[in-house]
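Trainee: Prediction below, plus the sequence it came from.
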Amino acid sequence: MRAVIQRVTSAEVRVHGTCVGKIGRGLLVLLGVGAEDREADAEYLAEKIVHLRIFEDEQGKMNCSLMEVKGHILVVSQFTLYGDCRRGRRPSYSAAAPPDRAKQLYEYFVTRLKSYGVHVETGVFQEMMDVELVNNGPVTILLDSQKTF
């Protein structure tokens, strides 16, 4: 499971021009599910994300977690995180999970985030979405449940 985490002052996702998820201060999480991923991958990433110390403390150091600042999370599914561009010019998505399995793990990931008491908004799985955000910092973190990076 792969995630691109962006610290934001605001983020919003729209489907067909209609807002389906919107947050203020918090994290935008673009989530890709791999073919080999299991619930343990979702559990690992959810725990990691809510406890990442990437918010500033009173001294301006990144020393606080999302939970400490009472931030929100917007989760948007993004299978293209498994795009392999090493050959040719068209990405291969063979490492991405099939849609039914990806949706199941995406929803499980969201449930795990909510179990921490965090307010979570989402996009709509397998829809074309427009994502708008104000990246604060900018702070962008890449996570992979298999720890490949």
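Mentor: Looks like it came in fine. For clarity, every value in this text was computed on a predicted model and none was experimentally measured.
Trainee: Give me the secondary structure label for the residue nearest the centre of the chain.
Mentor: Centroid check for the chain by CA atoms, centre = their mean gives residue 29 as the closest residue, at 2.1 Å. Classification of residue 29 using DSSP: H, G, I helix; E, B strand; the rest coil returns strand.
Trainee: Residue 77 is in contact with that one, correct?
Mentor: No - using CB atoms under 8 Å, residue 29 is not in contact with residue 77; the gap is 9.8 Å. Heads up, the C-betas are built off the backbone N, CA and C, glycines and all.
Trainee: Next up, the contacts around the residue nearest to residue 32 when sequence neighbours are not counted.
Mentor: In this structure, residue 32 finds its nearest non-sequential neighbour in residue 81, 2.9 Å apart by CB to CB, 6 or more residues apart in numbering. For residue 81, the contacting residues are 2, 3, 4, 30, 31, 32, by CB atoms under 8 Å, 6 or more residues apart in numbering.
Trainee: of the residues you listed, closest to residue 49?
Mentor: For the contacts of residue 81, the minimum distance to residue 49 (CB to CB) is 6.8 Å, reached by residue 3.
Trainee: Show me what the closest one is bridged to.
Mentor: residue 31, residue 143 (DSSP bridges).
Trainee: now it: how far from residue 76?
Mentor: The gap separating residue 3 from residue 76 is 10 Å, by CB to CB, to the nearest Å.
Trainee: which residues do these two both contact?
Mentor: 29, 30, 31.
Trainee: mind checking pLDDT for residue 149?
Mentor: Residue-level confidence at residue 149 comes out at 81, pLDDT.
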